[in-house]
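Chemist: Below: sequence and its predicted model.
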Amino acid sequence: MADFLRIYGLPTLITVVEILAIIVPLLLAVAYLTYAERKVLAAAQLRKGPNVVGPFGLFQPLADGLKLLMKETVIPTGANRGVFLAAPIITFTLSLIAWAVIPFDEGMVIANINVGILYLFAISSLGVYGIIMAGWSSNSKYAVLGALRSAAQMVSYEVSIGFVIVTVLLCVGSLNLSAVVEAQRTIWFCVPLLPMFIVFFISGLAETNRSPFDLPEGESELVGGFFVEYSSMAFALFYLGEYANMILMSALTTILFLGGWLAPFGWQPFTGVLGHLWSLCWFFGKIAFVLFCFLWVRATMPRFRYDQLMRLGWKVFLPLSLVWLVVTAGVLVATGWLPVGGG
Amino acid sequence: MAVATVLQAICFYAFSGIAVASAVMVISARNPVHSVLFLILAFFNAAGLFVLLGAEFLAMILVIVYVGAVAVLFLFVVMMLDINFVALRQGALQYLPVGALVGLILFVELVLVFGAWTISPELTAASGAATPALTEMSNTAALGSILYTKYVYVFQVAGLILLVAMIGAIVLTLRSRDGVRRQKIAQQVGRRREDAVEVVKVRPGQGI
């Protein structure tokens, strides 16, 4: 037993500290993303946005969180209790565990696994379960409609996301996320793979159920969609999960296409601790930029109609990404640039 | 090292225990949606067992394909169908002998295979060459070299068979119904000014 503690105790403790070091800032980021969203939308609509609670309304997210915490959790009579309560927990957990493989800087990652990108893909494809379970267990027609829409939508857009990821992997020769970033030292993948970058960004919007693809929520026709019956912390967990997924999708876009923590043109004026901070700043800056694009799109685009959404996914993005995959493979083989990696 | 094996054993028994328990729940749960959810749990634990074996690629693919796509469609269908599963279950006992027979045959075959390995270990040399050791290449690369390099034609044929099956399913179920209003985008884009607008000169006081 002493052996056990000596070998596993300290690493476990370190891992727990690392997990906390990611989750606490992440939750803060989620809180202030809601604030940023309201401010960006307000700016786009020539309003002021939240500006009452605290300086510039900066304490608004905390007030909102406190309000949700104080409310009562209502479980509808016809609801399937176990599934109803499990759904928000699953959504929230899935949005957190994906961060285990995100590399923030060279070597700054909790689990540097070989199949990191597949892990992320798997986790993001599981996100639909929270929504389906919530929709079904609520025993409400609006919730079920939202869940059905969401299931079809996420399964459709995953296909094109998969092909985009394969295209990137062809250029990298590895499934490891750190290797993906390192492969972009010469040029960020958003330049040679620009169409794939756009397809990935739009599919990311659909995968996170963001406007203009927010049909599962569709407040104008489904009064709030799959979480219409949820209140209090259960609702808050859905909300946190959705925004954490947005940040995750931005981080994934950054890693796959915008060079992760790399500054443009290998610009690295600092070394040591400052160098790490410099990389982190670039990484977070790029995430913030992609997030701003998410909000910008929301402020600009009207919601898609459902058949248009399906048409875009299956008839436009899928053929486009397939063709681009074949072209990329052909170019890589013809020019001899195909990376032959171990893995 | 002994500690690592103990931990591995704990993980193995946890994963396989939960997998077996949830597999039992799949067939014994009263609610079909609960059955599918337990099936997903069983898939998950199978993926955990793959990770323990060092086959992390297979584990991820299992989660992506089965949990992320197949089970979603399962759940979708089960949620939509309005089947009285209690009534369906009434006659389930009469299939018990057949099910037991199939289970027995599978069990005997497994015992034969693994028994042969244990009794005469030299038999394993006669079976197909194993993949290269994990120290030489990762299991992603090993799978890739087997599927896409060594057996690429067989793999392509398998893909073609699936394609034929898919097209067959579409042909069998696709029917164009009358009275359904669909957006025909080609038609909308192909509209010309002459078809849509007519310019008329109206003289004052006369109308058209």
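Modeler: Ah, there it is.
Chemist: And the helices in the stretch 51-200 of chain A?
Modeler: In the stretch 51-200 of chain A, the helices defined using DSSP state H, counting those that start in this stretch lie at A:60-70, A:81-97, A:116-137, A:141-172, A:177-182, A:194-207.
Chemist: by how many degrees do the last one and helix A:141-172 diverge?
Modeler: I take that to be helix A:194-207. Calculated by axes from the mean of the first three to the mean of the last three CA atoms, to 10 degrees, helix A:194-207 forms an angle of 150 degrees with helix A:141-172.
Chemist: Need the three-state assignment for B:Leu203.
Modeler: To be clear, residue B:203 is Arg; Leu isn't right here. Using DSSP: H, G, I helix; E, B strand; the rest coil, the structure places B:Arg203 in coil.
Chemist: Against chain A, how distant is it?
Modeler: Using CB to the nearest CB, to the nearest Å, one obtains 43 Å as the distance from B:Arg203 to chain A. All C-beta spots, glycine's among them, are computed from the backbone N, C-alpha and C.
Chemist: roughly how far apart are that residue and B:Val197?
Modeler: Distance of B:Arg203 to B:Val197, given as CB to CB, to the nearest Å: 20 Å.
Chemist: rewinding a little: which one of the helices of the stretch 51-200 of chain A lies nearest to A:Thr253?
Modeler: Minimum separation from A:Thr253 across these (CB to CB) falls at helix A:194-207, 6.2 Å.
Chemist: Need the contact partners of the closest one.
Modeler: With CB atoms under 8 Å, 6 or more residues apart in numbering or on different chains as the test, helix A:194-207 has contacts from A:124, A:127, A:153-154, A:156-158, A:160-161, A:164, A:167-168, A:189-190, A:211-213, A:249-250, A:252-253, A:256-257, A:290, A:293-294, A:297, A:309, A:312-313, A:317, A:320-321, A:324.
Chemist: chain center to that helix, what's the gap?
Modeler: Distance, stretch centre to chain centre, for helix A:194-207: 12 Å (CA atoms, centre = their mean, to the nearest Å).
Chemist: Would you mind listing the buried residues in stretch A:319-337?
Modeler: Buried positions in stretch A:319-337, judged by neighbour count with 16 or more other CB atoms under 10 Å in any protein chain shown: A:Leu320, A:Ser321, A:Trp324, A:Leu325, A:Thr328, A:Leu332.
Chemist: For A:Lys71, state which of those residues is nearest.
Modeler: Once CB to CB is applied, the member of the buried residues of stretch A:319-337 that ends up nearest A:Lys71 is A:Ser321, at 43.4 Å.
Chemist: so what's B:Val200 up against?
Modeler: Residues in contact with B:Val200 (CB under 8 Å, 6+ apart) are B:Ile208.
Chemist: On the pLDDT front, check it for me.
Modeler: B:Val200 carries a pLDDT score of 84 in this model.
Chemist: same thing with the one 5 residues further on?
Modeler: B:Gly205 is assigned 82 on the pLDDT scale.
Chemist: now swap in A:Pro88 and tell me
Modeler: At A:Pro88, pLDDT is 90.
Chemist: ok, the closest residue to it other than its chain neighbours - contacts?
Modeler: Using CB to CB, 6 or more residues apart in numbering or on different chains and skipping residues adjacent in sequence, the residue nearest A:Pro88 is A:Leu237, 3.8 Å away. Residues counted as contacts of A:Leu237 (CB under 8 Å, 6+ apart) are A:Pro88, A:Ile89, A:Thr91, A:Phe92.
Chemist: winner for burial among the helices of the stretch 51-200 of chain A?
Modeler: helix A:116-137 (a mean of 25; mean count of other CB atoms under 10 Å in any protein chain shown).
Chemist: Run through the neighbouring helices and strands of that helix.
Modeler: For helix A:116-137, the elements it packs on are helix A:81-97, helix A:141-172, helix A:177-182, helix A:232-257, helix B:32-53, helix B:56-62, helix B:71-80, judged by 3 or more CB pairs under 8 Å, 6 or more residues apart in numbering or on different chains; DSSP states H and E.
Chemist: Please tabulate these in CSV, including the columns distance to A:Phe56.
Modeler: Converted to CSV, these look like this (distance: least, CB to CB, whole Å):
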stretch, distance to A:Phe56
helix A:81-97, 27
helix A:141-172, 34
helix A:177-182, 34
helix A:232-257, 20
helix B:32-53, 45
helix B:56-62, 44
helix B:71-80, 42
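Chemist: Up against chain B, what does the stretch 1-150 of chain A have?
Modeler: With CB under 8 Å from any CB of the partner chain as the criterion, the stretch 1-150 of chain A meets chain B at residues A:3-4, A:7-8, A:80, A:83, A:113-115, A:118-119, A:121-122, A:125-126, A:128-129, A:132-133, A:136, A:144, A:147-148.
Chemist: let's see it at 7 Å
Modeler: With CB under 7 Å from any CB of the partner chain as the criterion, the stretch 1-150 of chain A meets chain B at residues A:3-4, A:7, A:113-115, A:118-119, A:121-122, A:125-126, A:128, A:132, A:136, A:148.
Chemist: just for the chain, where's the confidence low?
Modeler: Went with chain A since none was named. Across chain A, residues meeting the criterion (pLDDT under 70) sit at A:1-2, A:4, A:218-220, A:222-224, A:340-343.
Chemist: right idea, wrong chain: chain B
Modeler: For chain B, the stretches with pLDDT under 70 are B:1-3, B:82-86, B:88-89, B:121-137.
Chemist: Turn the helices of the stretch 51-200 of chain A into TSV, including distance to B:Ala158.
Modeler: TSV is the format used below for the helices of the stretch 51-200 of chain A (distance: least, CB to CB, whole Å):
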stretch	distance to B:Ala158
helix A:60-70	51
helix A:81-97	32
helix A:116-137	21
helix A:141-172	19
helix A:177-182	30
helix A:194-207	28
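Chemist: These: which one's closest to A:Leu274?
Modeler: helix A:177-182 (19.5 Å).
Chemist: which helices and strands sit right next to that closest one?
Modeler: On a contact count with 3 or more CB pairs under 7 Å, 6 or more residues apart in numbering or on different chains; DSSP states H and E, helix A:177-182 meets helix A:116-137, helix A:141-172, helix A:232-257.
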